[in-house]
Structures are given as C-alpha cells and as structure tokens.
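J.: next comes the sequence, and after it the predicted model I'd like to discuss.
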Amino acid sequence: MALPPRFMTSVYDTYPDDDSVKEVTLHAHGLTYSGVGDRHVLIQWNNATTETGPVMQIVQLTGQSGNYSYYVPVAKLEESMLISQPFSLGEFSRAQRDEILNLASQVVFSKTSTTNGCRVWTRDLLVAMVKTRLISQAKFDEIDVGVPLVKRVADA
C-alpha cells in the first residue's frame with residue numbers, strides 16, 4: 001500500500017480509523033448520471049467529526065485517464081463529494097473495513113490506462129467484496145445499475 005503524496009492532503013494521522021462499527025457508503029459524483037463522460041466514484045466511512053465537518057476515510061482510484069494511482073490510508077474533510085449519489089454498503093466492523101482496504105490493494109489497474117478508470121476499479125473491488133461476502137449480490141446489482149459501473153475491457 002502506497003502512502004499518499006504530499007500534495008494530496010490527508011488528515012489520517014490526526015483522525016485515524018477506530019474499532020467502532022461504521023456505515024460504509026459508495027458515492028457517485030452528481031445526483032444522476034447522464035451517460036456521457038466519466039463519473040467519479042469512491043467508498044468512504046466517517047473517522048471523526050470536527051467543528052468544520054466530518055472527516056471521511058476514502059477508498060478510491062485517484063487521478064485521471066492515463067495517470068491513475070491508489071493510495072492508503074487517506075482521510076479528508078468531506079468536501080469534494082457533497083453533491084453525490086450515495087449507496088449504503090452496510091455497517092462494517094474495523095476488521096471488515098481492513099478487509100475492504102486489503103481487497104482494494106489487490107485490485108489490478110494500469111496506471112496509464114485510458115480505458116479502465118475508477119468505475120472499473122470500483123466494480124472489481126465490489127466483485128471481490130461479493131466473493132468474500134462483505135456485500136450481497138443484490139447490493140452489487142443495485143449499485144451496478146445506479147452508478148452505473150463499467151466492465152473492464154482490454155486497453156487500447
């Protein structure tokens with residue numbers, strides 16, 4: 001697992017995850033998807049609440065087409081996904097959240113892909129979560145239709 005670069009402001013050291021049971025959600029940018037262009041998605045849970053708002057631990061493929069990376073742990077003041085379509089994945093223990101991070105670190109992606117972006121990466125992570133019974137097939141199907149997620153294709 002790679003630590004985030006200095007330019008990516010993470011407050012994880014100040015607000016780390018704890019052992020409580022937490023709701024884990026997937027957020028898709030925007031309230032709906034027009035079907036045109038990309039749509040950023042991420043998985044998150046609340047690590048703390050400060051006077052300025054919640055601090056969310058995020059699990060995502062970062063970057064843009066041709067320049068992707070996966071960094072952990074990352075916690076940020078909730079700001080970038082305020083206008084989003086949320087999907088609850090359920091309540092997860094610390095051990096289960098650690099398993100999500102473990103599965104995420106195993107999702108294969110090409111840093112230079114211009115074809116398979118964050119929705120493909122997230123789809124692969126959710127498939128792994130179904131296989132390990134962290135989420136149900138029905139929950140996956142709901143998210144797959146609602147986002148929609150994109151299937152992996154061969155890079156050009």
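T.: Received it, and whenever you're ready, just let me know what you need.
J.: tell me the pLDDT at G66?
T.: At G66, the predicted lDDT confidence score is 74.
J.: what's the answer for V36, then?
T.: V36 carries a pLDDT value of 61.
J.: please apply the same query to Q44.
T.: pLDDT, Q44: 94.
J.: ok, now P148?
T.: 89.
J.: and it, how far from V120?
T.: As judged by C-beta to C-beta, to the nearest Å, P148 and V120 stand 11 Å apart. Placement of C-beta: from N, CA and C, glycine included.
J.: and for T9?
T.: 26 Å.
J.: same thing with V147?
T.: 11 Å.
J.: swap in K139?
T.: For K139, the distance to V120 - C-beta to C-beta - is 19 Å.
J.: what packs against the helix or strand of the chain with the lowest mean pLDDT?
T.: Sorting the helices and strands of the chain by mean pLDDT, DSSP states H and E puts strand 62-64 at the bottom, at a mean of 77. Using 3 or more C-beta pairs under 8 Å, 6 or more residues apart in numbering; DSSP states H and E as the contact criterion, the elements in contact with strand 62-64 are strand 67-69.
J.: do a quick rundown of the helices in this structure.
T.: 94-106, 118-131, 137-146 (DSSP state H).
J.: highest average neighbour count across those helices?
T.: Across these, averaging neighbours per residue (mean count of other C-beta atoms under 10 Å) puts helix 118-131 on top, at a mean of 21.
J.: neighbouring strands - and their directions - for the least confident helix or strand of the chain?
T.: Strand 62-64 has the following strand partners under DSSP bridges: strand 67-69 (antiparallel).
J.: contact partners of the partner strand?
T.: Here strand 67-69 makes contact (C-beta atoms under 8 Å, 6 or more residues apart in numbering) with A2, L61, T62, G63, F109, S110, K111, T112, S113, G117, C118, W121.
J.: per-residue pLDDT of the nearest residue to the third one once chain neighbours are set aside, please?
T.: It stands for T62. Sequence neighbours aside, S69 is the residue nearest to T62 in space, at 5.4 Å (criterion: C-beta to C-beta, 6 or more residues apart in numbering). S69 is assigned 82 on the pLDDT scale.
J.: rewinding a little: nearest to H29, of the helices of the chain?
T.: Among the helices of the chain, helix 118-131 comes nearest to H29, with 9.7 Å by C-beta to C-beta.
J.: related to what we said a few turns ago, counting neighbours, what do you get for the residue nearest to T62?
T.: Look at S69: counted by other C-beta atoms under 10 Å, it has 14 neighbours.
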